[in-house]
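Trainee: Quick one, structure for this:
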Amino acid sequence: MADYDLAVIGGGLNGVSVARDAAGRGLRVILLEQGDLASAASSATSRLIHGDLSVLERRRFRRVRTQLAERDVWLRNAPHLVRPMRFTIPEHSDERPPSQLRIWLWLYDWLGARNRLPASATVDVTHHPLGDALKRPFGTAFEYSDCVVDDSRLVVLLAIDAAERGAEIRTGARCVRVDRGDVWRLAAIDRGHRRVITARALANTTGAWTNIVAETILRLPPPKTAPVQISQIVVPRLFDTDNVYVFQNSDRRLIFASPYERDFTLIGSTGGAFKGDPAIVAMTASDVAYLCDAANRYFRQPVAPSDVVRTVSGVNLAPARDRGRILRDGSLMFDVRRRKAPLITMFGGDVTTSRLRAERAVSRLTPFYPMSPRWTAKAALPGGDFAWERFDNEVENTRERWRFLSEPQAQRLVGAYGSRLAAMLGEARSRADLGPAFGPELTAAEVRYLMAHEWARFPDDVLWRRSKLGLTMPPEAREALAAFMAAPP
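Mentor: As a prediction, this is how the structure comes out:
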């Protein structure tokens with residue numbers, strides 16, 4: 001008998017989604033991740049939960065309807081992580097005519113059934129706060145509703161839910177050899193120790209490493225793919241509103257400028273073919289200039305490459321025949337052979353439809369062993385057991401219980417931990433009760449919680465994936481954090 005029903009290699013969004021779905025259906029699951037959860041492309045997305053207007057423009061109505069249905073699922077099941085926002089498209093005389101934008105947004109409302117979020121609207125921004133950040137020629141804009149999400153935090157919470165449903169999550173575990181028979185036999189270096197695992201099925205969800213794993217570890221022909229790099233830039237905050245601006249660029253791409261971690265703006269994205277090691281991906285100077293130029297077509301405040309405080313890049317795979325479509329839809333391959341254990345290969349796809357992709361992948365295994373019905377569409381993520389309309393109430397209740405928290409601090413903590421915040425703050429009555437502080441927001445209590453419950457091992461795990469506090473943490477606080485995590489009291 002095999003140790004597990006399913007072994008998953010890769011701890012990005014696809015991997016943890018498959019592990020969670022399978023564990024919730026009663027399968028014995030192990031996930032192996034050589035680094036940290038969401039350590040590659042899954043922490044470099046556009047952070048949007050949306051129906052994608054560029055897909056609508058190509059008249060893929062069924063795809064957009066599916067995306068908008070999934071948007072509602074995320075909003076219901078992760079109300080602390082997924083935040084509804086208004087998106088603003090300024091009218092530009094050199095781009096799509098206003099009549100076309102109105103038709104787009106009418107279809108968008110109709111496909112989304114307008115049952116959760118406000119409908120689209122036309123706004124005169126000449127004397128409106130939305131126009132304060134824009135150059136003067138823009139007098140009309142179009143508003144619609146969509147959502148944003150903390151992508152890497154979403155991956156971590158999916159992994160927590162998978163673990164609480166019985167999955168074994170192993171970070172720092174590198175798979176070095178796999179043999180295929182009637183079961184899979186995997187050899188892994190798990191935090192310095194060699195470990196042998198057997199599983200009845202295997203999922204290769206290693207993202208940009210899919211081909212490398214197929215060739216060198218599984219010793220199977222790799223799928224024909226094209227690596228694609230997606231990049232964004234982070235600059236100091238450019239506007240005071242909470243809207244996301246959507247800019248029509250001169251090449252007809254849609255560029256998003258989103259509020260990011262209170263004091264910053266995220267602008268993106270740009271992408272193109274990638275060559276090299278996916279572990280070493282950096283944004284090119286030309287891509288930085290491209291996004292700066294796109295922002296400068298609309299914003300009053302100039303954006304220069306010297307203003308960029310951080311670049312965010314990741315590499316994903318798409319079948320060579322159709323990069324753009326498969327990057328959004330994802331690719332799922334199922335390999336079953338006589339007297340051979342089944343293999344799932346899954347890569348690409350957007351954040352919005354990741355739950356659905358995982359559900360379909362796990363469902364392919366139903367002929368091999370019995371499992372419970374599909375379930376993830378109605379299951380809240382850890383900390384998400386409240387209605388999204390009550391997010392502000394959760395913040396207010398948090399400040400009443402822990403009065404030493406400022407409103408921005410309470411918003412960040414509720415946005416990260418939701419209703420599970422008490423497990424970290426406990427009965428603390430003052431900031432001092434939480435232990436040493438690392439910078440203005442991070443405390444020893446939070447670090448201990450992340451190490452004990454969320455697989456955080458190194459400072460970057462805390463500062464860039466469990467949070468984005470690396471944007472504001474001074475160097476001396478970072479050094480103190482590293483020392484604390486190396487030998488926590």
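Trainee: which residues sit against stretch 478-489?
Mentor: For stretch 478-489, the surrounding residues in contact (CB atoms under 8 Å, 6 or more residues apart in numbering) are 436, 438-439, 442, 444, 447-448, 451, 456-459, 462-463, 470, 473. Yep, even glycine has a C-beta here, placed from its N, CA and C like the rest.
Trainee: of these, closest to Phe87?
Mentor: Nearest to Phe87 among the contacts of stretch 478-489 is Gly470, at 26.9 Å by CB to CB.
Trainee: what sits against the closest one?
Mentor: Going by CB under 8 Å, 6+ apart, the list of residues near Gly470 reads Asp460, Leu463, Trp464, Arg478.
Trainee: one step back: so which of the contacts of stretch 478-489 comes closest to Leu202?
Mentor: For the contacts of stretch 478-489, the nearest to Leu202 is Arg457 (25.3 Å; CB to CB).
Trainee: isn't that closest one right up against Ser39?
Mentor: No. With contact defined as CB atoms under 8 Å, Arg457 does not count as touching Ser39 (11.1 Å).
Trainee: give me the element the closest residue to Leu111 other than its chain neighbours is part of.
Mentor: In space, and not counting its chain neighbours, Leu111 is closest to Arg65: 4.6 Å by CB to CB, 6 or more residues apart in numbering. In this structure, Arg65 sits in helix 61-77 according to DSSP states H and E.
Trainee: Just the CA trace of the very next helix or strand once past that helix, in PDB.
Mentor: Going down the chain from helix 61-77, the next helix or strand is strand 82-90, by DSSP H and E. Output of strand 82-90 as PDB, limited to C-alpha atoms (Å, rounded to 0.1, in the frame of the first residue of the first chain):
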ATOM      1  CA  VAL A  82     -10.200  39.500  -1.400                       C
ATOM      2  CA  ARG A  83     -11.300  43.100  -1.400                       C
ATOM      3  CA  PRO A  84     -13.900  44.600  -3.700                       C
ATOM      4  CA  MET A  85     -12.800  47.800  -5.400                       C
ATOM      5  CA  ARG A  86     -14.000  50.200  -8.100                       C
ATOM      6  CA  PHE A  87     -11.900  50.200 -11.300                       C
ATOM      7  CA  THR A  88     -11.700  53.500 -13.300                       C
ATOM      8  CA  ILE A  89     -11.000  53.600 -17.000                       C
ATOM      9  CA  PRO A  90     -10.300  57.200 -18.200                       C
END
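Trainee: Which strands border strand 82-90, and is each parallel or antiparallel?
Mentor: Counting by DSSP bridges, the strands paired with strand 82-90 are strand 140-149 (antiparallel), strand 244-248 (parallel).
Trainee: Run through the neighbouring helices and strands of the helix or strand following that strand.
Mentor: Using DSSP H and E, the next helix or strand after strand 82-90 towards the C-terminus is helix 98-112. In terms of contacts (3 or more CB pairs under 8 Å, 6 or more residues apart in numbering; DSSP states H and E), helix 98-112 is packed against helix 53-57, helix 61-77, strand 140-149.
Trainee: Contacts made by the shortest one with the rest, please.
Mentor: By CB under 8 Å, 6+ apart, the list of residues contacting helix 53-57 from outside reads Arg63, Val64, Gln67, Trp104, Leu107, Tyr108, Leu111, Val246, Arg253, Leu254, Arg328.
Trainee: Buried ones in stretch 26-42, by neighbour count?
Mentor: Using 16 or more other CB atoms under 10 Å as the test for burial, stretch 26-42 gives 27-42.
Trainee: Between all of these, which two are separated the most?
Mentor: For the buried residues of stretch 26-42, the farthest-apart pair by CB to CB is Arg28 and Ala41; their separation is 27.8 Å.
Trainee: Just give the nearest non-adjacent residue to Asp5, would you?
Mentor: Leu27 (4.1 Å).
Trainee: pretty sure the one you found belongs to a helix, no?
Mentor: No. Counting by DSSP: H, G, I helix; E, B strand; the rest coil, one finds Leu27 to be coil, located in no helix.
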